[in-house]
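1. coords please:
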Amino acid sequence: MDAPYVAVAAAADIEPGKFVKLTLDLDGRPQAFLIARVGDDYYAVEDNCSHEDYPLSYGCLDGNRIKCSLHGSHFSLETGEPEDDPADTPIATYRLKLADGQVWLDPSAPSNR
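-> Predicted coordinates for the structure are as follows:
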C-alpha cells in the first residue's frame, strides 16, 4: 500500500459492531485512533471526545455512531459530526483502505477537516 497508509489490523479481527483502539507514534508523539466495523464497513476516528477531551474508547458503538460514555454525546463514524448535546464540535475522521485482508489507515491528516 502506498504511503502514508499503514497496516493497522487484520480485517477479520474486527468483529461487526465492534471497534479496536490503536496508538501510532506520529512524529514523536502518540496518537490514538479507533477502527470500527459496522456490517461490512470500516471507519477510523480519533479516540477523543471533542466535548471533554475524554477517550471515546470508553464508550460504545450505536449503529454507525460512537457514544461518549462521559456525557452521552454520539458522533457519526462517517463524518465525525456530533449528533446530540453536549458536544458541538466534530471529531476527526481518517481514510481507510482494505487490501489483502488488512485494514490500512492514513494517519497523516483528518479526512473531514
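
2. before we move on, what SS does residue 57 have?
-> helix (DSSP: H, G, I helix; E, B strand; the rest coil).

3. gap between residue 4 and residue 48?
-> For residue 4, the distance to residue 48 equals 20 Å [Cβ to Cβ, to the nearest Å]. The way it works is simple: take the backbone N, C-alpha and C, and place the C-beta from them, glycine included.

4. give me the more crowded residue out of these two.
-> residue 48 (19 against 13; other Cβ atoms under 10 Å).

5. could you list every residue that touches residue 57?
-> 19, 21, 32, 34, 47 (Cβ atoms under 8 Å, 6 or more residues apart in numbering).

6. part of a strand, is the third one?
-> Same thing as residue 32. Yes - assigned with three-state DSSP, residue 32 falls within a strand.

7. what pLDDT does it get?
-> On pLDDT, residue 32 comes in at 97.

8. was I right to think it contacts residue 48?
-> Yes - counting by Cβ atoms under 8 Å, residue 48 is a contact partner of residue 32 at 7.0 Å.

9. just confirm residue 12 is within a helix.
-> Yes - under three-state DSSP, residue 12 falls within a helix.

10. perfect, that will be all.
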